[in-house]
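Chemist: Coordinates only, no sequence provided:
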């Protein structure tokens, strides 16, 4: 059951080509782990350049799988953001 979704994710990652365009007008919240080698804090912070709306960067302790150990804080972050927008 999980293989089709995993294959699709890999295909998207391998074939996607960024094309510059207009900045978004919506707020963005970006999450990352402070030791993530796949998405460094600086790389994730660069998403601020892609919106004219507000930008909020949240950095959690951990590597690429920081989500697993910070589920509660991440859910609170997203819930707070969605209820105050």
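Modeler: Noted; the coordinates are in hand. Keep in mind that what you see is a predicted model, and the values were worked out from it rather than measured.

Chemist: check contacts around the closest residue to residue 33 other than its chain neighbours.
Modeler: Excluding its sequence neighbours, the residue lying closest to residue 33 (CB to CB, 6 or more residues apart in numbering) is residue 66, at 3.3 Å. Just so you know, the C-beta spots here come from the backbone N, C-alpha and C atoms, and that holds for glycine as well. Going by CB atoms under 8 Å, 6 or more residues apart in numbering, residue 66 touches 32, 33, 34, 36, 60.

Chemist: Show only the entries of those residues found in strands.
Modeler: 32, 33, 60 (DSSP state E).

Chemist: Need those in JSON lines (columns: neighbour count).
Modeler: Converted to JSON lines, the ones in strands among the contacts of residue 66 look like this (neighbours: other CB atoms under 10 Å):
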{"residue": "32", "neighbour count": "23"}
{"residue": "33", "neighbour count": "22"}
{"residue": "60", "neighbour count": "17"}
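
Chemist: quick check, nearest of those to residue 49?
Modeler: residue 32 (15.6 Å; CB to CB).

Chemist: That closest one - nearest residue in space that isn't next to it in sequence?
Modeler: residue 44 is the one closest to residue 32 (CB to CB, 6+ apart), at 4.2 Å.

Chemist: Check the spacing between that neighbour and residue 64 real quick.
Modeler: Separation of residue 44 from residue 64 (CB to CB, to the nearest Å): 12 Å.

Chemist: Contacts for the host helix or strand of the residue nearest to residue 32, please.
Modeler: Per DSSP states H and E: residue 44 is located in helix 41-45. Residues outside helix 41-45 that contact it (CB under 8 Å, 6+ apart) are 30, 31, 32, 34, 57, 59.

Chemist: pretty sure the first one belongs to a helix, no?
Modeler: Translated: residue 30. No. Going by DSSP: H, G, I helix; E, B strand; the rest coil, the assignment for residue 30 is strand, not a helix.
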